[in-house]
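Engineer: quick one, fold the following:
(one chain, ligands or ions: 2)
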Amino acid sequence: MKHPWWKERVFYQIYPRSFQDSNGDGIGDIPGLISRLDYLQWLGIGAVWLCPVYDSPNDDMGYDIRDYRKIMSEFGTMEDFDRLLEEMHRRDIKLVMDLVVNHSSDENAWFVESRKSKDNPYRDYYIWRDGRGGKEPNNWSSFFTPSAWSYDAATEQWYLHLFGEKQPDLNWENPKLREEIYKMMNWWLDKGIAGFRVDAIMNIKKPLPFQDYPADREDGLCNVGGILGSQEGLRDFLNEMHEKTTKPHHAFSVGEVFGLDDSDISRFIGDDAYFTSIFDFRQNVAGQTMLGWYDWKAPTPDEYKECCFTSQKVSEGVGFFSNIIENHDEPRGVSHYLPEYAQNEKGKKLLGMMYFMLKGLPFIYQGQELGMENCAFPSIEAIDDVSSRDEYQRCLKVGLNEKEALKVVSHYSRDNGRTPFQWNDEKNGGFTTGTPWLMVNPQYKEINAASQIGREGSIYEFYKSMIALRRDDRYEDTIVYGVTEPVLEDQKDIMAYFRRGEKQDILVIGNFRDEAAEVEIPELKGKTCQVLLNNGGTCMAVDGRVKLEALQGVVFEVK
Ligand code: TEU
Ligand code: CA
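Structural biologist: Ligands and ions are numbered 1, 2, ... in the order given. Here you go, the predicted model:
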């Protein structure tokens, strides 16, 4: 298929718990989301990735599923869900659901059975091992707790959980479990959803035997994330899943894939690969280490651009990455990637332009189109997220004081992306009439949708015009399908690239400096440069020289 629907649409990620509350209980819900679909339609959104709405005890906010075929009661009912799907289709918006099958909740009926006895028919749906002299079976760390093993007294064995204690890992080696998962996926696809965003999928194949690995942190534990993803047997599972679910349904899928070797990309994206697309996390993981958040650094604008360009290069001719600056697990992109002097409307639009015009599928995370920022959490108690609490303890353990630990956690906390959506400057930003489940970012008075919709020059209107440009038939061939060709790569804090199509060339150029810049692009000599998008200020492209104000970004059509 040369022009499938997913290549030409803009995606929007919704964290339903924080989008719109309809009944005053402080929790966003499906009826609330339905009441905001017009907002998405005005923006020009063509598909939504909806974070988990399945029945869950919410230890990890829906990423711990108790019942895969039931809607979480706080969010509504299956009737509400069916209505949501219908209302989205009426607006020509596709629905992509979150698929969480590396693990389930410990309250899932499968696990309730599994833990009962060693010969229970569901025992092998999960991963059970004997301890070593009263201690964990090996030194694997979990992403959310120190050890990846928890002891269960009923059968005197340990179960594996790469995430939280209440998120036991499913045993993909068991063909019965795999069939159950495929049946469940097909059940949702038959309902008419467009596909799945596939959670933590590189973790489903565990390396056997379950041995110790060299420690990568001070407490002797080892993060096996990277080791898991490089397992050859993982490919068989991914291939089988595709063959039995997404392929026969011609469904869309986007994998949450970390640590993939660039040489392997063609097996993951492209025609008949395991997934339609995978997220590009290269810039997001830049600056991370195994030690934990206290040791992480945000990339500079030049490191950011290098990551983007590498990803463009390795995916060209292979398939489409999904491009993001943030999601529900990340700090807000504008607070993370922009130097402090650039954290203003102009800088936010600049960053938005730089990633949005790259080749790939643009995903916008809720509130990104308003320039929502990280939240100044007043204390660790104001943060709810399970991984933030773990990282806070790690900070204290290595000797940071409470104030320093809060500063680290406030920057990286996943709750930065989860504070309620800022609809207006009224109580709780218009998110709820009750008490919000997580604090509203105090910035809602200044940063909110109502004040930006229709205001010339607002971040929202800027995103809207970027989306309109991408959807414009005259430019689609170049913006969606054109090759990316970086220029001026060695110019510090300048990010510039051509998109070359059959009908025209487009130049995307941005200045991350806090002063004006003038650069030379010889190819532009004798050509006219027509401005398609500009984040503000005057710009000149004359005789091969381009002048940009501080933090200016421009998209030119070059003729
Ligand atoms: O995130 C996966 C996750 O936490 C990664 O950052 C992890 O480090 C990676 O898988 C390593 O290989 C997803 C969801 O987006 C997140 O919200 C959930 O909490 C998590 O899975 C568990 O379901
Ligand atoms: Ca509610």
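
Engineer: right, is stretch 291-298 up against ligand 1?
Structural biologist: No: using Cβ under 6 Å from any ligand atom, stretch 291-298 stays clear of ligand 1, coming no nearer than 11.8 Å. For the C-beta atoms, the positions are set from N, CA and C on the backbone; glycine is no exception.

Engineer: quick one: mean pLDDT over that stretch.
Structural biologist: For stretch 291-298, the mean pLDDT works out to 96.

Engineer: who does Ser277 form a beta bridge with?
Structural biologist: Val254, Phe320 (DSSP bridges).

Engineer: got the contact list for it?
Structural biologist: Trp6, Phe252, Ser253, Val254, Gly255, Ile269, Gly319, Phe320, Phe321, Ser322, Gly360, Leu361 (Cβ atoms under 8 Å, 6 or more residues apart in numbering).

Engineer: what do you get if the cut-off is 7 Å, keeping everything else the same?
Structural biologist: Each residue near Ser277 by Cβ atoms under 7 Å, 6 or more residues apart in numbering is listed here: Val254, Ile269, Gly319, Phe320, Phe321, Ser322, Leu361.

Engineer: per-residue confidence at it?
Structural biologist: As predicted, Ser277 sits at a pLDDT of 98.

Engineer: now do the contacts for the closest residue to ligand 1 within the stretch 451-559 of the chain.
Structural biologist: Closest residue of the stretch 451-559 of the chain to ligand 1, Cβ to the nearest ligand atom: Tyr463 (22.9 Å). Tyr463 makes contact with Leu43, Gly352, Ile364, Glu369 under the criterion Cβ under 7 Å, 6+ apart.

Engineer: what does Phe556 give?
Structural biologist: Neighbours of Phe556 in contact, by Cβ under 7 Å, 6+ apart: Ile506, Leu507, Cys529, Gln530, Val531, Leu532, Ala541.

Engineer: how about Phe237?
Structural biologist: Trp172, Ile204, Lys205.

Engineer: make sure I have this right: it is in a helix.
Structural biologist: Yes: judged by DSSP: H, G, I helix; E, B strand; the rest coil, Phe237 forms part of a helix.

Engineer: other SSEs contacting the helix or strand containing Ile506?
Structural biologist: Per DSSP states H and E, Ile506 falls inside strand 505-511. The contact analysis (3 or more Cβ pairs under 7 Å, 6 or more residues apart in numbering; DSSP states H and E) places strand 505-511 against helix 345-356, strand 494-500, strand 545-548, strand 553-558.

Engineer: will you turn these into a markdown table that also has distance to ligand 2 and mean pLDDT?
Structural biologist: What follows is the helices and strands packed on strand 505-511, written out as a markdown table (distance: least, Cβ to the ion, whole Å; pLDDT from 0 to 100):
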| stretch | distance to ligand 2 | mean pLDDT |
| --- | --- | --- |
| helix 345-356 | 30 | 98 |
| strand 494-500 | 41 | 98 |
| strand 545-548 | 46 | 96 |
| strand 553-558 | 38 | 97 |
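
Engineer: what residues of stretch 333-344 count as buried?
Structural biologist: Buried residues in stretch 333-344, defined by neighbour count with 16 or more other Cβ atoms under 10 Å: Gly333, Val334, Ser335, His336, Tyr337, Leu338, Ala342, Gln343.

Engineer: output those as JSON lines; include the columns secondary structure, pLDDT and distance to Asp425.
Structural biologist: Formatted as JSON lines, these follow (DSSP: H, G, I helix; E, B strand; the rest coil; pLDDT from 0 to 100; distance: Cβ to Cβ, whole Å):
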{"residue": "Gly333", "secondary structure": "helix", "pLDDT": "98", "distance to Asp425": "23"}
{"residue": "Val334", "secondary structure": "helix", "pLDDT": "98", "distance to Asp425": "20"}
{"residue": "Ser335", "secondary structure": "helix", "pLDDT": "98", "distance to Asp425": "21"}
{"residue": "His336", "secondary structure": "helix", "pLDDT": "98", "distance to Asp425": "25"}
{"residue": "Tyr337", "secondary structure": "helix", "pLDDT": "98", "distance to Asp425": "27"}
{"residue": "Leu338", "secondary structure": "coil", "pLDDT": "98", "distance to Asp425": "24"}
{"residue": "Ala342", "secondary structure": "helix", "pLDDT": "98", "distance to Asp425": "25"}
{"residue": "Gln343", "secondary structure": "coil", "pLDDT": "98", "distance to Asp425": "20"}
